[in-house]
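Novice: Need a 3D model of the following:
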Amino acid sequence: MNQSYFAQMSKFVLAATSVAIFSPIASASATLGFSTTVAQISKNSTSQQLLADKKVETRSRTTTIERQTITTESRSSSVSTKGKKTGFSLAIWEPSGNLSEVIARISVKSKGSKGYLKERFLGDYKYKIKQKAKFAKGLKASDRIVVRLYDVQNRFIGYSEFECLSANTTVNLILSAKPTEYQVVRTVYGVDADQNGTIDAGTTTYDYFTQVSDQRVSFLSSSQTFQGSQFQVEGLSKIAGTSVYPTSFTQGEYALVRQSFVSVFSSDLAEALQATPGSLVQVIEISDNSSYDISQMLMNYRQVGMSRALQVGFSDVSTNYWAKDFIAELASMEILEGFPDGTFRPDAPVTRAQFAAMLRKAFTKGKIRRAIAFKDVSTQYWAYNAISEVYQMGFLNAVIGKDFNPTQRLSRLEILVALARGLNYQTSASTDTILSVYSDSTTIRREYRSLIAALTQRGIVVNYPNVKMLNAERVATRSEVSALLYQALSSTGQVANISSQYVVGQQQQVAVEEQTETLREGVKTRRNCNQGIGNGAEGCDPGNSRPHGGSNDEGGRTPGNR
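Specialist: Residues are numbered from 1 along each chain as shown. So this is what the prediction gives:
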């Protein structure tokens, strides 16, 4: 690799209470007509053999969090380098002093435009009472974090759920004096943009109670049925008579308060969410000033931390396949999936319509232009909505006039150009110097050279089997598109870094305290769809983008048989 390229680029890293025993709340809440949100408490079922097989691997992966950043030139002024950090710090309190330690089982339900993705396990963490830990990266505003609490005897003692805010969030969970009898948790949280451990002045403090009874969790509308002051912690706000919830908890299809029945647990929960703490994965002991990379944890626990309804392993993608991790992570994020026969077809080509469906699932950003009516894309076409949206976001252009050519197979160059344009990535460094890392750089068309250089700087380009060969005009395969799209997501700071010898420039990466901060202009990860890229020119419905579902307008089958 030409070292002068990296010498041209400057390195940077952006930092990234005494409780009185009260009357049973269940009867009191029933008297006042509190509504109930239902949750089946997870059952203790797991395999000790699986623990034995995975214990060493889990320990090494969870205690050493990979933090890497790419060597890069200073960004163009059009790309924001000061994005807000979406993460949370979590503290657990029990003011009476009857408990000294608890286990917090943490999971995430990522928010998409049409609802929430399936819950994913983030680990079991042993806390000393009053201890705090920070969880960062891999989250976006409106994602929901679920915390199930256990005592050190693995008895379930409480449940809470909170919403990630637009900046760093500080969260406090407060337990009753006898949590095994009164499984009540007070949740107090709010924006902590300066990350000093307190809720910022002038911002909303969310303050509410959850109660478990008969394997059901109630999000209570009020604390007036018991001595709420017994859940008071010094330094936190005084308990209000009426609970304060984020809007999404009280309104809309996914509200948790005043709903007749909302299932918090489901039969297809991840294995790790049903197992007894410590029986399937190792419990992580929180130390002072601990910090955990959520995006890395998601990857670490991929095998046991995802819903059984999601397929991340495919019969034609071997354990040593070069793009296995890229494919598996995008499948776990519900951005793509395989075919009904259990295959992924990694060498199949990708059409413009299929790529539009993938982009729509992966990213959401402001519209930079108005939609146009493509002559060759009817309103009934399976990818109509995806094509319209990604065009408005700037990822894909018309081909000739008002034609989109939805079944046209895309080259690697076309994939890269679409990503650079949609993410508005530019470079101010010497394009020729940057592109000199490619032995076939002279084949890159002049009008696209600066765009490819910008992607190269950000570690987005993946070349298989020869990392020095861009092969710009070669038709892109499903596996190549998976790798390139994942790296584009990684460049925004929303997913963990995947180490691969085929990522251009990755051998120059260095370990740092935090990953590169989000570098994008209004781009956020969007993990809200179930389908993947399709099976080439047959026009299958990989994105589930057709307005009324079903198969495509050319009679093909959809991945997942949906």
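
Novice: Ala418 against Phe395, yeah?
Specialist: Yes. If you go by CB atoms under 8 Å, Ala418 and Phe395 touch, sitting 4.9 Å apart. For the C-beta atoms, the positions are set from N, CA and C on the backbone; glycine is no exception.

Novice: so what sits against both of these two?
Specialist: Leu359 (CB atoms under 8 Å, 6 or more residues apart in numbering).

Novice: Next, work out how far apart Ala483 and Ile327 are.
Specialist: 8 Å (CB to CB, to the nearest Å).

Novice: Equivalent analysis for Ala272, please.
Specialist: In terms of CB to CB, Ala272 sits 21 Å off from Ile327.

Novice: same question, Ala398
Specialist: Taken as CB to CB, the span from Ala398 to Ile327 is 30 Å.

Novice: okay, those two: which has more neighbours?
Specialist: Ile327 (26 against 14; other CB atoms under 10 Å).

Novice: Can you classify that one as helix, strand or coil?
Specialist: helix (DSSP: H, G, I helix; E, B strand; the rest coil).

Novice: residues in contact with it?
Specialist: 314, 317, 321, 336, 344, 346, 479, 482.

Novice: Need the max-distance pair from those.
Specialist: Tyr321 and Leu336 (15.3 Å; CB to CB).

Novice: which one of the two has more residues nearby?
Specialist: Leu336 (28 against 16).

Novice: Let's verify that one: helix, strand, or coil?
Specialist: Leu336 ends up coil, using three-state DSSP.

Novice: Go ahead and confirm it touches Ala483.
Specialist: No. Counting by CB under 8 Å, Leu336 does not reach Ala483; the two are 12.0 Å apart.

Novice: got the CA positions of stretch 333-340 in PDB?
Specialist: The C-alpha trace of stretch 333-340 is given here as PDB (Å, rounded to 0.1, in the frame of the first residue of the first chain):
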ATOM      1  CA  MET A 333     -30.100  -5.600  11.900                       C
ATOM      2  CA  GLU A 334     -32.900  -6.800   9.600                       C
ATOM      3  CA  ILE A 335     -31.500  -4.800   6.700                       C
ATOM      4  CA  LEU A 336     -31.200  -8.000   4.600                       C
ATOM      5  CA  GLU A 337     -32.000 -11.600   4.700                       C
ATOM      6  CA  GLY A 338     -31.600 -14.800   2.800                       C
ATOM      7  CA  PHE A 339     -33.900 -17.000   0.700                       C
ATOM      8  CA  PRO A 340     -36.500 -19.500   1.700                       C
END
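
Novice: Could you shift the numbering so residue one becomes 328, and keep it that way?
Specialist: OK, 328 is where the count begins now, so the last one is stretch 660-667.

Novice: Now it: buried residues?
Specialist: For stretch 660-667, the neighbour count (16 or more other CB atoms under 10 Å) marks 660-666 as buried.

Novice: Hmm, which of those residues is lowest in pLDDT?
Specialist: Lowest pLDDT among those: Glu664, with 83.

Novice: Distance-wise, check that one relative to Lys461.
Specialist: From Glu664 to Lys461 the distance is 33 Å (CB to CB).

Novice: Give the rounded mean pLDDT of stretch 722-731.
Specialist: According to the model, stretch 722-731 has a mean pLDDT of 91.

Novice: Pull up the distance across that stretch, start to finish.
Specialist: 13 Å (CA to CA, to the nearest Å).

Novice: swap in stretch 557-573?
Specialist: Rule used - CA to CA; the end-to-end distance of stretch 557-573 is 24 Å.

Novice: quick one: it to chain centroid distance?
Specialist: 30 Å (CA atoms, centre = their mean, to the nearest Å).

Novice: Same question for that stretch: list its buried residues.
Specialist: Buried, per 16+ other CB under 10 Å, within stretch 557-573: 557-560, 563, 566, 570, 572-573.

Novice: from what I can see Ala468 touches Cys491, true?
Specialist: Yes. Look at Ala468 against Cys491 with CB under 8 Å: they come within range, at 5.7 Å.

Novice: Neighbours of the nearest residue to Lys702 once chain neighbours are set aside, how many?
Specialist: Distance criterion CB to CB, 6 or more residues apart in numbering; nearest residue to Lys702, sequence neighbours excluded, is Lys729 at 4.9 Å. The number of residues packed near Lys729 is 12, by other CB under 10 Å.

Novice: Ile621 versus Lys729, what's the distance?
Specialist: From Lys729 to Ile621 the distance is 43 Å (CB to CB).

Novice: all helices of this structure, in order?
Specialist: Secondary structure of the chain (DSSP state H): helices at 330-335, 352-359, 375-390, 574-577, 598-601, 621-627, 651-659, 679-689, 711-720, 739-750, 758-762, 776-784, 805-818.

Novice: which one of those helices is the most hemmed in?
Specialist: helix 679-689 (a mean of 29; mean count of other CB atoms under 10 Å).

Novice: So, low pLDDT: which residues of the protein?
Specialist: 328-412, 439-441, 551-556, 586-593, 834-889 (pLDDT under 70).

Novice: my guess is Arg447 meets Ala599, correct?
Specialist: No. Distance between Arg447 and Ala599: 9.3 Å, which falls outside the contact criterion (CB under 8 Å).

Novice: Tell me the residues that contact both of those two, please.
Specialist: In contact with both Arg447 and Ala599: 628, 632, using CB under 8 Å, 6+ apart.

Novice: which one of the contacts of Ile654 is nearest Trp420?
Specialist: Each of these was checked against Trp420 using CB to CB; the closest is Leu663, at 41.9 Å.

Novice: mind checking how far the closest one is from Arg776?
Specialist: 29 Å.

Novice: now swap in Gln557 and tell me
Specialist: 67 Å.

Novice: swap in Phe415?
Specialist: Distance of Phe415 to Arg776, computed by CB to CB: 42 Å.

Novice: Please apply the same query to Phe701.
Specialist: 28 Å.

Novice: how long is stretch 526-540 end to end?
Specialist: 30 Å.

Novice: buried set for it?
Specialist: 526-527, 533-540.

Novice: Equivalent analysis for stretch 792-804, please.
Specialist: Of the residues in stretch 792-804, those buried (16+ other CB under 10 Å) are 794, 797-799, 803-804.

Novice: Select from these every entry located in strands.
Specialist: Judged by DSSP state E, the buried residues of stretch 792-804 include no members of strands.

Novice: How about the contacts made by the closest residue to Ala567 other than its chain neighbours?
Specialist: Take Ala567 and drop its neighbours on the chain: the residue closest to it by CB to CB, 6+ apart is Asp534, 6.0 Å away. Neighbouring residues of Asp534 by CB under 8 Å, 6+ apart: 513-515, 564, 566-567, 570-571.

Novice: what do you get if the cut-off is 10 Å, keeping everything else the same?
Specialist: When contacts are counted by CB atoms under 10 Å, 6 or more residues apart in numbering, Asp534 touches 499, 513-517, 550, 555, 558, 563-567, 569-572.

Novice: In strands only, show me those.
Specialist: With DSSP E as the criterion, strands contain 499, 513-517 from among the contacts of Asp534.

Novice: Among the residues you listed, the buried ones, what's the ChimeraX command?
Specialist: Applying 16+ other CB under 10 Å to the ones in strands among the contacts of Asp534, the buried members can be selected in ChimeraX as follows:
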select :499,513,514,515,516,517
